[in-house]
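# Build me a model:
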Amino acid sequence: MTHAGLFGADLEMVTKVFRPAGAGPFPVVVFSHGRASDVVDRAKLTQGVSEAQLRWWLARGAAVVSPIRSGYGATGGTDVENSYIRLDERGECRSRRDYARVAEAQARTVEATLAWIATQPWADPQRVPLVGQSAGGLTTVAAAATAPAGVVGYINFAGGSGGNPTRSPGRSCDPEQLTRLYERFGKTTTMPNLWVYAQNDQYGGPDAPAAWHAAFARGGSPTTFFHAPPLADGDGHGLSRHAAALWAPTVEAFLQRVRFLSPPPAATAPPAAASSVH
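Here you go, the predicted structure:
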């Protein structure tokens, strides 16, 4: 698969595809992955969607397509999401990142993925939810703000950027800039959407995510915010990777409201068929 890079050149992007049994056409979840803080970990990324998310969507008859963005895994290339954040000895942010530029570059990967999905005989390009985790959540919000054709709604898990839970736990770098950016995206988003954050998100903290959503909601989008209880293991930011019981009831209720998917049958979900495309 190819997409327009940061400076307009076409870039190859490795994408993972998982399909339920059968010929389709299937509704298709476009899942946008998060960002590891270490360059070595980013280079090791092979699958952008967690097993918990993958099993849950496949059980409901949806295919899952997960593009690996520039700067990650086998896609490689320029790391356009580099924050260039500087923190002082107290963990205070001493630099400003252009979150809007990065989010728009990330959103182009979703645009390219949707264009590719529209050419696939097994896919229903008019029944596509966007789902994203962390930096992928910000990617999802940015992409949805462009009103892409065929997208019926989105789910933002812990969306944000600029966090460092080790040196600045619970506070991202310049969260107020993210507030303004989310407010801008809210003005052009018309599709239903769900924002899911845990109260012990070690990147965004307990308060900033609610402020981000409130700013977004001022645009009038049909939006819902779910503040999950703190996760016992402390990994609130990774809520979407945890057992489905912690997030699935809220997601299921959202999907039923937008009349997207029915609950799964009692039988065990079919195994995924995985492949890579360029």
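
# Tell me the confidence at residue 213?
At residue 213, the model reports a pLDDT of 98.

# Residue 198 versus that one, what's the distance?
Distance, residue 213 to residue 198, by CB to CB, to the nearest Å: 14 Å. For glycine as for every other residue, the C-beta is placed from the backbone atoms N, C-alpha and C.

# Residue 80 too?
Shown here: residue 80 relative to residue 198, a distance of 28 Å by CB to CB.

# Looking at the two, which has the bigger crowd around it?
Between residue 80 and residue 198, counted using other CB atoms under 10 Å, the more crowded position is residue 198 (27 against 19).

# number of nearby residues for the closest residue to that one other than its chain neighbours?
Distances taken as CB to CB, 6 or more residues apart in numbering put residue 236 closest to residue 198, at 3.2 Å, once the chain neighbours are dropped. Residue 236 is flanked by 25 other residues according to other CB under 10 Å.

# Check residue 47 too.
Neighbour count for residue 47, taken as other CB under 10 Å: 15.

# so it makes contact with residue 66?
Yes - using CB atoms under 8 Å, residue 47 is in contact with residue 66, at 6.8 Å.

# list residues touching both of those two?
The overlap between the contact sets of residue 47 and residue 66 (CB atoms under 8 Å, 6 or more residues apart in numbering) consists of residue 16.

# SS state for the spatially most central residue of the chain?
What sits nearest the mean C-alpha location of the chain, by CA atoms, centre = their mean, is residue 132, with 1.2 Å. Of the three states, residue 132 takes strand under DSSP: H, G, I helix; E, B strand; the rest coil.

# before we move on, what about residue 30?
strand.

# What distance do you get for it to residue 232?
31 Å.

# more neighbours, these two?
The residue with more neighbours, out of residue 30 and residue 232, is residue 30; 28 against 10, by other CB under 10 Å.

# Just to check, that one is in contact with residue 130?
Yes - contact status for residue 30 versus residue 130: in contact at 5.2 Å, counting by CB under 8 Å.

# and for the two, which residues touch both?
Listed as contacting both residue 30 and residue 130 by CB under 8 Å, 6+ apart are residue 110.

# what about residue 40, helix or strand, and which?
Following DSSP states H and E, one finds residue 40 within helix 39-43.

# pLDDT weak spots in the stretch 51-200 of the chain?
Applying pLDDT under 70 to the stretch 51-200 of the chain picks out residues 83-87, 89, 91, 94-95, 166-168.

# now the helices for it?
For the stretch 51-200 of the chain, helices defined by DSSP state H, counting those that start in this stretch occupy the ranges 51-59, 99-117, 135-144, 175-186.

# most tightly surrounded among those?
Of the helices of the stretch 51-200 of the chain, the one with the most neighbours on average (mean count of other CB atoms under 10 Å) is helix 135-144, at a mean of 28.

# now that one, how far from the chain's geometric center?
Put simply, helix 135-144 sits 6 Å off its chain's centre (CA atoms, centre = their mean, to the nearest Å).

# Next one: the nearest residue to residue 105 once chain neighbours are set aside relative to residue 103, how far apart?
In space, and not counting its chain neighbours, residue 105 is closest to residue 80: 4.7 Å by CB to CB, 6+ apart. Residue 80 sits 11 Å away from residue 103, going by CB to CB.

# Could you pull out the strands in the stretch 101-250 of the chain for me?
Secondary structure of the stretch 101-250 of the chain (DSSP state E, counting those that start in this stretch): strands at 128-133, 151-157, 193-198, 223-228.

# To residue 172, which of these lies closest?
Nearest to residue 172, of all these, is strand 193-198, at 12.3 Å by CB to CB.

# who does that closest one touch, helix- and strand-wise?
Other helices and strands packing on strand 193-198, by 3 or more CB pairs under 8 Å, 6 or more residues apart in numbering; DSSP states H and E, are strand 151-157, helix 208-217, strand 223-228, helix 248-257.

# Would you mind getting the angle between it and strand 151-157?
Orientation of strand 193-198 against strand 151-157 (axes from the mean of the first three to the mean of the last three CA atoms, to 10 degrees) gives an angle of 10 degrees.
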